[in-house]
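Q: model this:
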Amino acid sequence: MCLIASSCRKATNGPDSAEGKIRKAVYVVIDGVPADMTERLDLPNIREIASRGCYARSYVGGTVGRYDQTPTISAVGYMDILTGTWVNKHNVPGNSNLTPNYNYWTLFEIAKKQKREVKTGIFSSWEDNRTVLLGEGKTETDSLLIDFVADGFENDKNAFPPKEHDMHIFDIDELVSKKAAECIRNEAPDLSWVYLWYTDDAGHIFGNGNTFDEFVKLADKQIGRVWEAVKYREAHFNEEWMFIATTDHGRTYDGYHHGGQSARERTTWIAVNKDVNERLSGGGGAATDINPSVCRFMDFEVPRDVRWEQDGVSFYGDVDIMDMDLCPYDSTVVLSWKSVNPKAEVNVWATPTNKFRQGGHDEWTKMGSVASAAETFTIDLTALPASDFYKFVLETPNGSLNRWYESIPKKYIHFKMTTNQ
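A: Below you'll find the predicted structure:
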């Protein structure tokens, strides 16, 4: 039995909950597995997770041709998930020479800044996920500390000497998945990230074919170890878990490469064991949705400035609007969106600055309110301080959406209207 492109239990009355249970969350990233592979292959563990909630296609890469277009590359995808933002914000455009903008908080920094204690874990076949992307111990992340760690094995050349076809990376994934399962079963961190690497290597080395397929099936077994640990915790402890399995990018048509904006490179997938709203059930979800979805499930408090910068939409719980866009027209900007809850009120905010990027605070001006059903709002830019750059936010009771707009300075417009006689 294989997965279909969208198979979801749709939440109709808000988040499902188990009264009085302690909530915990874990997400697993298997690297570089496009959606058509997960749908074609028999992957019993991903299928079982989805049977409890949802499997649906999602996307990476931001908006093609716009300010947030994002490379479909591994570390970039991890940061899309971690921060809920695209590359124009998190500033990780590749896998090397990384200088993340830590002003855009990761899911783990949000977790550690809760009023209650939140234990975290990372189980990863690439140490940079913790030391660079999460920025553990760095001043910029307020000396973030991860409580349970199993990574860095790729640096141990004695235990994992290089093998043909990079099979030592597969061996590391095996160890990482076992350590993740053991820690979750025995210690149960409140928030965990499991990263498995070899499927990406398999694609680069073998391309589309039986060998790549077999390693995706083996990755499903590795996911299954962690899934079994979560089911054990739920069966024996007063706990309710959100379990997400996903990938960081797709692949080119032949399976060998990725990084561009082709449909297969951009098309990813999310399997989650919880009922979901229209954002994911409709097949429009994004990698950036995982951060706000976990935050909502875990009831994390997220500061407004951080939340208003996130590009994702929670697929867990209620949603009022999604798919925000904008269109400039002379001295106005027309904002648009898709209404999910027509009765919700949409508050429209604007700022001509981007101080947040440098760790500062933007002063926001409320431009007005409108019913969600209107699906459009026109902003007169002359009512705002003159600027070549603006940020806009649509705020509703169940979330927020944001878009940037950079105008073309008048001095660059060389156009003279003429009349043909």
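
Q: Could you pull up the mean pLDDT of stretch 345-365?
A: For stretch 345-365, the mean pLDDT works out to 98.

Q: how many neighbours does residue 157 have?
A: As a burial measure, residue 157 scores 9 neighbours (other Cβ atoms under 10 Å). The way it works is simple: take the backbone N, C-alpha and C, and place the C-beta from them, glycine included.

Q: ditto for the one 4 residues further on
A: Here the count is done by other Cβ under 10 Å, and residue 161 has 9 residues near it.

Q: cool, and residue 113?
A: Neighbour tally, residue 113, other Cβ under 10 Å: 16.

Q: need the contact list for it.
A: 105, 142 (Cβ atoms under 8 Å, 6 or more residues apart in numbering).

Q: which stretches of this protein form helices?
A: Under the criterion DSSP state H, the chain contains helices at 35-40, 44-51, 74-83, 87-90, 107-112, 128, 167-186, 198-206, 210-236, 263-266, 278-281, 290-297, 304-307.

Q: Single out the most deeply packed of these.
A: Among the helices of the chain, helix 74-83 has the highest mean neighbour count (mean count of other Cβ atoms under 10 Å), at a mean of 27.

Q: I'd like the average pLDDT over that helix.
A: Averaged across helix 74-83, the pLDDT comes to 98.

Q: angle of it against helix 290-297?
A: Helix 74-83 and helix 290-297 are oriented at 30 degrees to each other (axes from the mean of the first three to the mean of the last three Cα atoms, to 10 degrees).

Q: Of the helices of the chain, which is nearest residue 122?
A: Smallest distance to residue 122 across those (Cβ to Cβ): 7.8 Å, for helix 107-112.

Q: how about low-confidence regions in the stretch 151-300 of the chain?
A: By pLDDT under 70, the stretch 151-300 of the chain has no low-scoring segment.

Q: who wins for proximity to residue 61 among the helices of the chain?
A: helix 263-266 (4.2 Å).

Q: Pull the distance from the closest one to the chain's centre.
A: Distance of helix 263-266 from the chain centroid (Cα atoms, centre = their mean, to the nearest Å) equals 16 Å.

Q: mind giving me the domain split of this structure?
A: Listed by automatic domain parsing, the domain ranges of the chain are 6-307, 321-410.

Q: just those domains: most buried one?
A: Neighbour counts (mean count of other Cβ under 10 Å) averaged over each of the domains of the chain peak at domain 6-307, with a mean of 20.

Q: one step back: make JSON lines out of the helices of the chain and add distance to residue 317.
A: Output for the helices of the chain, formatted as JSON lines (distance: least, Cβ to Cβ, whole Å):
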{"stretch": "helix 35-40", "distance to residue 317": "24"}
{"stretch": "helix 44-51", "distance to residue 317": "19"}
{"stretch": "helix 74-83", "distance to residue 317": "19"}
{"stretch": "helix 87-90", "distance to residue 317": "24"}
{"stretch": "helix 107-112", "distance to residue 317": "16"}
{"stretch": "helix 128", "distance to residue 317": "32"}
{"stretch": "helix 167-186", "distance to residue 317": "24"}
{"stretch": "helix 198-206", "distance to residue 317": "31"}
{"stretch": "helix 210-236", "distance to residue 317": "20"}
{"stretch": "helix 263-266", "distance to residue 317": "26"}
{"stretch": "helix 278-281", "distance to residue 317": "10"}
{"stretch": "helix 290-297", "distance to residue 317": "5"}
{"stretch": "helix 304-307", "distance to residue 317": "14"}
